[in-house]
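J.: Here is a sequence with its predicted model. Questions after.
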Amino acid sequence: MSRIVFAVLVLLVTELSVSTSATLQQSSKAAETVTEVPLCQVMKDPGLYHHKLIKVTGFFSQEFEDSSINDPTCNFPLGVWFEYGGTKRTGTMYCCGVTTERTRPEPVMVEGFPIPLVVDARFKSFDKLLMNRGSIHASVVGRFFAGRKVESARGPDRWRGYGHMGCCSLLMLQQVTDVDTSKRADLNYQPSPDPPDINKKGCGYDFLMDDDLFQSHIADQTAADAGQSSWLFDDPKRVATSKLAEILETDPTVIKLRLIRTAPGRIIFQWKPTKEKDVYMIIVSRPYILSYYSKTNKVAWVAIAAYRSSCDGNTQVRQIN
């Protein structure tokens, strides 16, 4: 990490820390108007909403090095980082100098703005579901901090400064206005795929699928809803076999999958070709997020990750939540 990037990270962590001596910029202002805005619009033009009090709706996820709000239709690689106001914290572990403490000794301030938090039944439900599931759909009100614009020679400019490695813009959550409290046993709420657990010396693995899979998942769900691929609803092994055959450009009949682990709405398979050292692992899921785009109550099985490892065939999966 360069000294400049490190300095920026240190500065922004400092800005997010509790400050009892900072000027209260809002103390003399009348009650602000909350601007309700699509999350995609905020991500498209962060500078327009800098320091504003906004209401957004999206999918919230929280796990190791992730505390973000996303809308998969936005087609942006990263979401908006979020943190709680008041004396509450998400407890997200990420770089640099951040702890997993769930509370602060005093209410937080960011860039001179005090950030209150309404700790009511909706917030408590939101926090409990987020900690237990890892992802939920909700609408919240918070103060937005765009960060710093970083010009890019390729692709659109990025706004950075907050969150893991200064990845993102920031929303300081002040109130939860709506939260999806439904619980379906057929869906998986885990935000990220389970990676292989490579603990032997010299072992490693390669990713065989991209991270941004939403459009392909929507296409699969649409095909299943239309009856063109209804088997996607009830044949996860076929989904895994077909996807792995597509990735490896091989005949699906030669792939003999072995079941490794199951969880609600998630199944993990492994295949070790005869006389080869490589081991393939593929994960299929009924993602919670797809339930919002289904035309029926049924959610399709989709492949969310695939790996190739170079161990002795005994590679196991590491459960990350």
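T.: The structure has been received and is ready for your questions.
J.: ok, and Ala138, which helix or strand is that part of?
T.: Element membership for Ala138 (DSSP states H and E) is strand 135-145.
J.: Walking through the stretch 201-321 of the chain, point out its strands one by one.
T.: Assigned by DSSP state E, counting those that start in this stretch, the stretch 201-321 of the chain shows strands spanning 205-207, 258-263, 266-271, 279-285, 302-309, 316-317.
J.: which of the ones you listed sits most buried?
T.: Of all the strands of the stretch 201-321 of the chain, strand 279-285 has the most neighbours on average by mean count of other Cβ atoms under 10 Å, namely a mean of 25. All C-beta atoms are positioned from the backbone trio N, CA, C, and that covers glycine.
J.: what packs against the strand holding Ala138?
T.: Counting contacts by 3 or more Cβ pairs under 8 Å, 6 or more residues apart in numbering; DSSP states H and E, strand 135-145 packs against strand 53-63, strand 80-84, helix 121-133, strand 170-179.
J.: Can you check which of those gets nearest to Glu276?
T.: strand 53-63 (33.0 Å; Cβ to Cβ).
J.: Show me what counts as buried in that closest one.
T.: Leu53, Ile54, Val56, Thr57, Gly58, Phe59, Phe60, Ser61, Gln62, Glu63 (16 or more other Cβ atoms under 10 Å).
J.: Of those, just say which sits nearest to Val110.
T.: Closest to Val110, out of all of these and judged by Cβ to Cβ, is Leu53, at 12.6 Å.
J.: Which elements pack onto the next helix or strand after the strand holding Ala138?
T.: Downstream of strand 135-145, the next assigned helix or strand under DSSP H and E is strand 148-150. If you count contacts as 3+ Cβ pairs under 8 Å, 6+ apart, strand 148-150 packs onto strand 158-160.
J.: Go ahead and name everything in contact with the strand it packs on.
T.: 8, 46-47, 146-150, 152, 166-169 (Cβ atoms under 8 Å, 6 or more residues apart in numbering).
J.: Switch those residues over to a markdown table; also include distance to Leu244, pLDDT and neighbour count.
T.: Compiled in a markdown table, the contacts of strand 158-160 are given as follows (distance: Cβ to Cβ, whole Å; pLDDT from 0 to 100; neighbours: other Cβ atoms under 10 Å):
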| residue | distance to Leu244 | pLDDT | neighbour count |
| --- | --- | --- | --- |
| Val8 | 42 | 40 | 17 |
| Pro46 | 39 | 95 | 23 |
| Gly47 | 43 | 95 | 12 |
| Ala146 | 41 | 97 | 22 |
| Gly147 | 39 | 96 | 24 |
| Arg148 | 42 | 94 | 16 |
| Lys149 | 41 | 91 | 13 |
| Val150 | 38 | 89 | 12 |
| Ser152 | 34 | 76 | 9 |
| Gly166 | 36 | 92 | 23 |
| Cys167 | 31 | 93 | 22 |
| Cys168 | 33 | 95 | 26 |
| Ser169 | 37 | 97 | 27 |
